[in-house]
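Novice: everything below, folded, please.
(chains A and B)
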Amino acid sequence: MEVVGQIWDTILLSPMINVLVVLSSVLFNNFGLTIIVLTFIIHGAMFPLTRRQMRATRGMQELQPKIAELRKKYARDRQKLAQEQMALMKQAGVSPAGCLLPMLIQMPIWIALYQSIIRVLAYAPEDFLKLSHHLYTPWSTVFSQVPLESSFLWLDLARQDTLLIMPILVGVTMWMSQKMVTPDSADPNQQTQGRMMLWMMPIMFGFFAMSFPSGLALYWVASNIIRIIMQYFIGGWGGLSTVFRPRPAEADQKAQKRPPPVEKKQKVEKAVDADIVIPRESTEEGTDYGTSGDKRPDGGRSYPDSIDAIKRQSRRSKSRRRKRR
Amino acid sequence: MKIRRTGFLNGRPKILSLVMALVVVMLTVAGCAGTLGRGVALGWAGGVVVDDTVIVGSRGGKIIALNAEDGTVQGDPAVLLTQVPSGGFGCAGGGTAGVAIYSSPIISELREADGEQYRLVYVGGYNGKVYAFRFDGNNLTTDWEYDFPREGGLGVEIVGELTFDQTGNIFFGAADGKVYSLNQNLGGIWEYDTGEKIWSAPTIQGDTLFIGNLGKKLYALNIHDGSQRWVFETRGAIMATPVVYEDKVCFGTFGRRFYALDIATGEEVWRFPADDSDENKPKNWFWAKPLASNGTIYAPNLDGKVYALDAETGTPIAEFDLGGPISSSPVLVDGLIIVATENGDVYSLDTADNHQTLLVHLEDVVGEKVYEEKVQAPLFAGDSTVYTHTFRDNLYAINVQTGEELWKKSLTLEDGE
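Specialist: The predicted structure follows:
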């Protein structure tokens, strides 16, 4: 166990601590700025993995309706279900490992960064003394640089934010980040689980931020903002775009008041008896959004890609409206 | 019987129950995170020997009086308690807990009141409060006689030791960057703000007080009114308590340099290493207090070495490689410098011929298990004996000539004493 600890310290923790201290000396001894810049650097270095993970997650989300169908179809034959699921994922070019592996690779780096911040802030004398064992002997700067300046804006980065601004920011940014990747599932079970996850994580981390040094809260806020930016460029606003849009029922009422555009209505009526309107641009020749919907303005979440899908979606929205009534 | 899927759980009771359980566990952890996130401060106080009694601060916030001959506890310990903020969510926080003590107890001259003679034992707590307990020669009173400040604490921790001047007034630095001067009844006399955290102890020579802060500065203050005489800026934070030798004040820094300054003017007399390109320069922080003896300054370093420097010129005379980081301040007994490392080794360095001897390797034997000891608390001595308070909260009495372990006492007092 001790050997594992030594390997961990040598490969991850010590390099991270030394980089943090050197970076602080470059950034005008401003530790708050150092945390933000280091978070950017690490996220930048991990970007290829993060992008892969986000795309794989998105691919898995898009397959969920089909997987749900398979579950229904092979409810009594688990082996067949597994085979069909694997075949479906293989066909779509996604795998659960694609979602998990990049995240697993990133985990140690996040943990080491977290530990580094804790050590460098050196709240207790014992922690501060331990810090000396991590500093690189040839780097003179790191020895004379510590302890780092812990005040940043209104915060003492070594202590909790008593104004509770950071815990709120942690919760809000994490919720936004989660909301962007939480799919609107037709499956009520999945909806419930999605909602749980959407609220559970931000609340939990908000509480963490109330108890931990605000330096860590700053790291979480910076991480969340970076993740939001990356998610936006990879998949658009995702679920966040629905937050400021009227609900479907309100949208339907508004749509009824307005005379429907003749051309679009004709097209839809020809295709299927449904109340889904396909925007004209998306059906134009030469417009190819691919299957992932990456380039679509809404991330491709709300546009069905086949007649069967349109029928299914139509049935679901009718059913939802009946329930609401 | 068919179970109807309804309501909140929606047919997925197992998954949602697990999720809810996870939420509860995580919130509990978050509630307790005040301790986890900040790191744990346990203390590493040394002690003081008076007559036949050893008075030491434990890692559980107790001030304990022990018989110097055999280590038996005299009377009840005085316990420093502090209010712990509630962790919430079922966390074990809230209530009271022992105060971490880093500042070793110090003891006053004899006083007399109502025909009774006694001394006062002063100690600074990590809760930002200074306490004075009455000691009648055998027992400590369990309730303090005086405290400072009277209401609450300073709001910041006290890590460095307290120091007396010749009149019995008390001086110390705190993490708010201030140096405080108190009278014997712990009434405030003056305070001086250095602007940066102070974790080291002051040293007094004549009417001048020397103290370093983590803001890389060493201050010389007038002990009567706290006015600044001079200030010297270094390249690293100062944790080590300075030592005065003849007309020089000597101290080491985190910048891996050791300085000697003129006590009157604050001008640099010499520094070690004189040249930064010196290959034999110290490899880590100067943390522990140095010692001066026979025209030599002994400067312990966290790189595991004690550097013996000529007090006049700063030229290295000898180098003792003790093999483990030295964070515990050494002590001079019978012409021997006793040094302990974080590896649990206790060495004696002979100041006459600069020869090092391993006195003892400390191990805590509990039943069949053997635990390595770690020494971070400052050593203290009396009558050819050195006392070592270890990380496992044991106090060892060791003969400085033979290295024999005279007695060992667990300061957790779990044996009912």
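
Novice: what residues does chain A have near chain B?
Specialist: For chain A, the residues in contact with chain B (C-beta under 8 Å from any C-beta of the partner chain) are A:118, A:122-127, A:129, A:132-133, A:135, A:137, A:140, A:143-144, A:146-147, A:159-160, A:188-189, A:192-193, A:196-197, A:200, A:204, A:207-208, A:210-213, A:216. Placement of C-beta: from N, CA and C, glycine included.

Novice: buried subset of those?
Specialist: Buried by 16 or more other C-beta atoms under 10 Å in any protein chain shown: A:118, A:122-127, A:129, A:132, A:135, A:140, A:143-144, A:146-147, A:159-160, A:189, A:192-193, A:196, A:200, A:204, A:207-208, A:210-213, A:216, out of the residues of chain A next to chain B.

Novice: residues in the stretch 201-350 of chain B within reach of chain A, list them.
Specialist: By the rule C-beta under 8 Å from any C-beta, the part of the stretch 201-350 of chain B lying against chain A is B:214, B:216, B:235-237, B:253-256, B:276, B:283-285, B:287, B:302, B:325, B:327.

Novice: just after the lowest-mean-pLDDT helix or strand in chain B, pick out the following helix or strand.
Specialist: Least confident helix or strand, chain B: helix B:13-38 with a mean of 50, by mean pLDDT, DSSP states H and E. For helix B:13-38, the following helix or strand on the C-terminal side (DSSP states H and E) is strand B:47-50.

Novice: for the residue nearest to B:Ala264 when sequence neighbours are not counted, give its distance to chain A.
Specialist: In space, and not counting its chain neighbours, B:Ala264 is closest to B:Asp247: 7.1 Å by C-beta to C-beta, 6 or more residues apart in numbering or on different chains. Distance of B:Asp247 to chain A, given as C-beta to the nearest C-beta, to the nearest Å: 27 Å.

Novice: and what of B:Arg119?
Specialist: Noted for B:Arg119: a distance of 28 Å to chain A, by C-beta to the nearest C-beta.

Novice: pretty sure that residue is in a strand, no?
Specialist: Yes: if the criterion is DSSP: H, G, I helix; E, B strand; the rest coil, then B:Arg119 is within a strand.

Novice: is it bridged to anything, and to what?
Specialist: Under the criterion DSSP bridges, B:Arg119 forms beta bridges with B:Phe135.

Novice: which is the succeeding secondary structure element to the helix or strand that contains B:Tyr307?
Specialist: Assessed by DSSP H and E, B:Tyr307 sits inside strand B:305-310. Scanning forward in sequence from strand B:305-310 by DSSP H and E, the next helix or strand is strand B:316-321.

Novice: what angle separates that next one from strand B:305-310?
Specialist: If you take axes from the mean of the first three to the mean of the last three C-alpha atoms, to 10 degrees, strand B:316-321 sits at 170 degrees to strand B:305-310.

Novice: quick check: B:Val360 vs chain A, distance?
Specialist: In terms of C-beta to the nearest C-beta, B:Val360 sits 23 Å off from chain A.

Novice: shouldn't that residue be in contact with B:Glu405?
Specialist: Yes: the criterion here is C-beta atoms under 8 Å, and B:Val360 meets it with B:Glu405 at 6.3 Å.

Novice: now do the shared contacts for the two.
Specialist: Both B:Val360 and B:Glu405 are in contact with B:Ile398, where contact means C-beta atoms under 8 Å, 6 or more residues apart in numbering or on different chains.

Novice: excluding sequence neighbours, find me the nearest residue to the residue nearest in space to the middle of chain B.
Specialist: For chain B, B:Tyr102 is the residue whose C-alpha lies nearest the centre (C-alpha atoms, centre = their mean; 3.7 Å). Distance criterion C-beta to C-beta, 6+ apart; nearest residue to B:Tyr102, sequence neighbours excluded, is B:Val159 at 4.5 Å.

Novice: do you know the pLDDT at that neighbour?
Specialist: We note a pLDDT of 95 for B:Val159 in this prediction.

Novice: what's the burial count for B:Thr142?
Specialist: When neighbours are counted by other C-beta atoms under 10 Å in any protein chain shown, B:Thr142 registers 13.

Novice: ok, now which ones touch it?
Specialist: Residues in contact with B:Thr142 (C-beta under 8 Å, 6+ apart) are B:Asp76, B:Pro77, B:Ala78, B:Val79.

Novice: hmm, the first one is touching B:Asn139, no?
Specialist: Yes: contact criterion C-beta under 8 Å: B:Asp76 and B:Asn139 qualify, at 7.5 Å.

Novice: distance between the ends of stretch B:363-370?
Specialist: 6 Å (C-alpha to C-alpha, to the nearest Å).

Novice: again but with stretch B:302-318, I slipped
Specialist: First residue to last in stretch B:302-318 (C-alpha to C-alpha) measures 17 Å.

Novice: stretch A:141-161 too?
Specialist: End-to-end distance of stretch A:141-161 (C-alpha to C-alpha): 30 Å.

Novice: let me see the mean pLDDT of that stretch.
Specialist: Mean pLDDT, computed over stretch A:141-161, is 85.

Novice: go on, stretch A:226-239?
Specialist: For stretch A:226-239, mean pLDDT rounds to 81.

Novice: name the nearest residue to A:Leu121, ignoring sequence neighbours.
Specialist: Nearest non-adjacent residue to A:Leu121, counting by C-beta to C-beta, 6+ apart: A:Ala158, 4.3 Å away.

Novice: pLDDT of the strand holding B:Tyr307, averaged?
Specialist: For strand B:305-310, the mean per-residue pLDDT is 96.

Novice: try stretch B:163-183
Specialist: Stretch B:163-183 comes out at a mean pLDDT of 96.

Novice: check stretch B:325-337 too.
Specialist: 96.

Novice: among the residues of the stretch 201-350 of chain B next to chain A, which are located in strands?
Specialist: Using DSSP state E, no member of these sits in strands.

Novice: buried subset of those?
Specialist: Among those, those classed as buried by neighbour count (16+ other C-beta under 10 Å) are B:214, B:216, B:235-237, B:253-256, B:284-285, B:287, B:302, B:325, B:327.

Novice: which parts of chain A belong to which domain?
Specialist: Each domain of chain A is listed here as a residue range: A:2-136+A:147-242, A:255-324, per automatic domain parsing.

Novice: do you know which of these lies nearest B:Arg229?
Specialist: Counting by C-beta to C-beta, B:Arg229 lies closest to domain A:2-136+A:147-242 out of those; the figure is 26.1 Å.

Novice: just the terminal-to-terminal distance for that closest one.
Specialist: One end of domain A:2-136+A:147-242 sits 50 Å from the other (C-alpha to C-alpha).

Novice: between B:Val360 and B:Glu405, which one's more packed in?
Specialist: Taking other C-beta under 10 Å, B:Val360 and B:Glu405 do not tie; B:Val360 has more neighbours (21 against 16).

Novice: excluding its backbone neighbours, what's nearest that one?
Specialist: When the adjacent residues along the chain are set aside, B:Val360 lies closest to B:Gly403, with 4.5 Å between them (C-beta to C-beta, 6+ apart).

Novice: many thanks, have a good one.
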